[in-house]
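Enquirer: fold the following for me, if possible:
(one chain, ligands or ions: 1)
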Amino acid sequence: MKRFISIILILTLVATAVLSGCAQRGQAGGDAVSLALSSEIQNWEGTDGVSAAALLGSMKKAQDKGGKLSIVCTTFPQYDWVRQIVGDSTDRVDLTLLLNSRIDLHSYQPSVGDIVRISECDLFIYVGGESDGWVEDILERVVNDDMIVINMIETIGDSAKIEEVIEGMEKDSHDGDGDGNIGDADDDGHGGDGDDEHDEEYDEHVWLSLKNAQILCAVIAYVISALDVEYAETYQNNATGYIEKLDSLDSEYQKAVSSAPVKTLLFGDRFPFRYLVDDYGIGYYAAFSGCSAETEASFDTIIFLTEKVDELGLKSIMVTESSDKRLAETIIRESNLGNQQILVLDAMQSVTISDETSGTTYLSIMESNLNTIKEALSYS
Ligand SMILES: [Zn+2]
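Expert: Reported below is the predicted structural model:
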């Protein structure tokens, strides 16, 4: 929360700098704005995700060339956030979503065109986790000192969580890239909490927390405002309105979970929702941690999850949007009741432009996820 407040404070300072800049429009006016922003940015320690020096360089470039701001996003959540912040000022920004087909972000490889787009943009926003490790390679090779890069995991700082393996989960084999070792080798991998040999890796699904989303939107709005000072006030107003919506949906989640009779979700699937469940104190069980590459659950895992379903009297089994539901169906078949429903929570890992043109937004997906969770946490 402290971090968030300091970012809001910075946003206010930026807005003030812009307003005072407007009062003395003209040749000198632009310099005054730059100066005011420069000092704020130099003092800015709100996030490790953005380099202040790069921001200054890019600001100057954007002001000099006076053209459209080019923004490239790897995945849908931050793409949609930029859209909300830009609002009606679409003529000022050229916005690209890279993962714009049904390819799940975990199996995406950039094309040459993608690499060119990234290397020529003013602002590049990516997740910073294991599935977009390819980004690091490209960034090392890109010769564009003026490009601003926002790494979402770095930006949320201490709120980033290490991927967790809990009781009943298949252990992820991070080192093996072959699929051949799934199953038999894992027999001793269960019930182990705090196993030291497990590679520590950040859980990259930071966008599935509405609290993280607010921080990330504040930072993105701050950077876009700095890059297009003339419209900074518009971007700030859009961001403020949007962050209020995120905040009120966050409260709705809390209210729904607090009054729910059931407090546990069980995933017959991978589990990218740790940020979301932790925000509201929802308990969980799942077959695989994070977005493990493994898809075959061992007998032990199936038995563990089936017994949990029976013990907790769960009426719903959760899956993510990319599940083939086979594991969930097996758990249901093996359970005492045998008639649970399968509910899908959307982790936004394969949203496309066609979804977007039909009105899908980050907020609409999170609203629909709330309804799904309400149903899963009820007894009916
Ligand atoms: Zn994932």
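
Enquirer: in the stretch 201-350 of the chain, which spans are strands?
Expert: In the stretch 201-350 of the chain, the segments counted as strands under DSSP state E, counting those that start in this stretch are 264-267, 283-286, 316-320, 341-345.

Enquirer: so which of the ones you listed gets nearest residue 122?
Expert: Nearest to residue 122 among these is strand 316-320 (33.3 Å), distances taken as Cβ to Cβ. Every residue, glycine included, has its C-beta placed from N, CA and C.

Enquirer: and the closest one, average pLDDT?
Expert: For strand 316-320, the mean pLDDT works out to 97.

Enquirer: again, but for stretch 77-94
Expert: Summarised as a single mean, pLDDT over stretch 77-94 is 96.

Enquirer: so how far is it from its chain's centroid?
Expert: From the chain centre to the centre of stretch 77-94 is a distance of 17 Å (Cα atoms, centre = their mean, to the nearest Å).

Enquirer: pull out the buried positions in that stretch.
Expert: Under the neighbour-count criterion of 16 or more other Cβ atoms under 10 Å, stretch 77-94 has 77-87, 89, 92-93 buried.

Enquirer: also near the ion: which of these, exactly?
Expert: Among the buried residues of stretch 77-94, no residue lies close to the ion (Cβ under 5 Å from the ion).

Enquirer: need those residues in a markdown table with secondary structure, can you?
Expert: Output for the buried residues of stretch 77-94, formatted as a markdown table (DSSP: H, G, I helix; E, B strand; the rest coil):
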| residue | secondary structure |
| --- | --- |
| 77 | helix |
| 78 | helix |
| 79 | helix |
| 80 | helix |
| 81 | helix |
| 82 | helix |
| 83 | helix |
| 84 | helix |
| 85 | helix |
| 86 | helix |
| 87 | coil |
| 89 | coil |
| 92 | helix |
| 93 | strand |
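
Enquirer: correct me if wrong: residue 273 contacts residue 346.
Expert: No. Using Cβ atoms under 8 Å, residue 273 is not in contact with residue 346; the gap is 10.0 Å.

Enquirer: and for these two, which residues touch both?
Expert: residue 320 (Cβ atoms under 8 Å, 6 or more residues apart in numbering).

Enquirer: who has more neighbours, those two?
Expert: Set side by side, residue 273 and residue 346 show more neighbours around residue 273, with 25 against 18, by other Cβ atoms under 10 Å.

Enquirer: per-residue confidence at the more buried one?
Expert: According to the prediction, residue 273 has pLDDT 97.

Enquirer: can you count the residues close to the closest residue to it other than its chain neighbours?
Expert: Residue nearest to residue 273 in three dimensions, not counting chain neighbours: residue 208, with 5.6 Å by Cβ to Cβ, 6 or more residues apart in numbering. By other Cβ under 10 Å, the residues close to residue 208 number 24.

Enquirer: wait, residue 208 touches residue 275, no?
Expert: Yes. Under the criterion of Cβ under 8 Å, residue 208 makes contact with residue 275 at 4.9 Å.

Enquirer: what does this protein put close to the ion?
Expert: By Cβ under 5 Å from the ion, the part of the chain that sits against the ion consists of 272, 291.

Enquirer: residue ranges in the chain under the pLDDT threshold?
Expert: Scanning the chain for pLDDT under 70 picks out 1-66, 102, 172-199, 380.

Enquirer: quick one: contacts for residue 337?
Expert: With contact taken as Cβ under 8 Å, 6+ apart, residue 337 is in contact with 309, 310, 315.

Enquirer: so what's the second one closest to, chain neighbours aside?
Expert: Leaving aside its chain neighbours, residue 310 sits nearest to residue 336 (4.8 Å; criterion: Cβ to Cβ, 6+ apart).
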